[in-house]
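Chemist: Just need the structure, nothing else, for what follows:
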Amino acid sequence: MKRDMDLARRILFAVEEAPLDGETDLNFDDFSQEEISYHVMLLSEAGLIEAQDQSGYGGSDWQPERLTWAGHEFLDASRDQGRWEKAKKLVREKVGGLTFDALKAVLIRLATEAALH
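Modeler: Residues are numbered from 1 along each chain as shown. So this is what the prediction gives:
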């Protein structure tokens, strides 16, 4: 399964909006539950969220619990849609794909430049 940074960002926004003691609504019409669960797992592995593996014999079922500090930082840097699109474009042009570390670095640079101007 391919990683989709736009889906990962959508999941982060959903986790941010969810109550800390409640469930996070991760029903996106354009993605399957398998894709969403996979991306929750990836976000957990990246240290952006804390999540629980509730998988059983029926397949993968990762459920987010909360954002981590790093997750809040990434989400704040990527919050502006224009900055998000610009960062993705720059990283694709220079790297040839969307690596997380390069995307994060570009987002932080763009946010810093915006704050200084």
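Chemist: who does the helix or strand bottoming out on mean pLDDT in the chain touch, helix- and strand-wise?
Modeler: Ranked by mean pLDDT, DSSP states H and E, the helix or strand of the chain with the weakest confidence is helix 100-116, at a mean of 91. Applying 3 or more Cβ pairs under 8 Å, 6 or more residues apart in numbering; DSSP states H and E, we find helix 100-116 packed against helix 69-78, helix 81-95. For the C-beta atoms, the positions are set from N, CA and C on the backbone; glycine is no exception.
Chemist: Of all those helices, which one is nearest residue 104?
Modeler: helix 69-78 (6.1 Å; Cβ to Cβ).
Chemist: Quick check: buried residues in stretch 85-102?
Modeler: For stretch 85-102, the neighbour count (16 or more other Cβ atoms under 10 Å) marks 87, 88, 90, 91, 98, 100, 102 as buried.
Chemist: Surely residue 61 and residue 41 touch.
Modeler: No. Applying Cβ atoms under 8 Å as the test, residue 61 and residue 41 come out as separate, 9.7 Å apart.
Chemist: Using the record's domain definitions, break the protein down for me.
Modeler: Listed domain ranges for the chain are 5-70, 80-116 (source: automatic domain parsing).
Chemist: neighbouring contacts of stretch 61-73?
Modeler: The contact list for stretch 61-73, computed with Cβ atoms under 8 Å, 6 or more residues apart in numbering, reads 11-12, 14-16, 18, 20, 23-24, 26, 33, 37-38, 40-41, 43-44, 46-55, 75.
Chemist: filter those residues to the buried ones?
Modeler: Among the contacts of stretch 61-73, those that count as buried by neighbour count (16+ other Cβ under 10 Å) are 11-12, 14-16, 18, 24, 26, 37-38, 40-41, 43-44, 46, 48-49, 51, 75.
Chemist: sorry, back to before: which member of the buried residues of stretch 85-102 is positioned nearest residue 1?
Modeler: Ranked by distance to residue 1 (Cβ to Cβ), the buried residues of stretch 85-102 are led by residue 98 at 15.0 Å.
Chemist: who's in contact with that closest one?
Modeler: 3, 5, 88, 91, 92.
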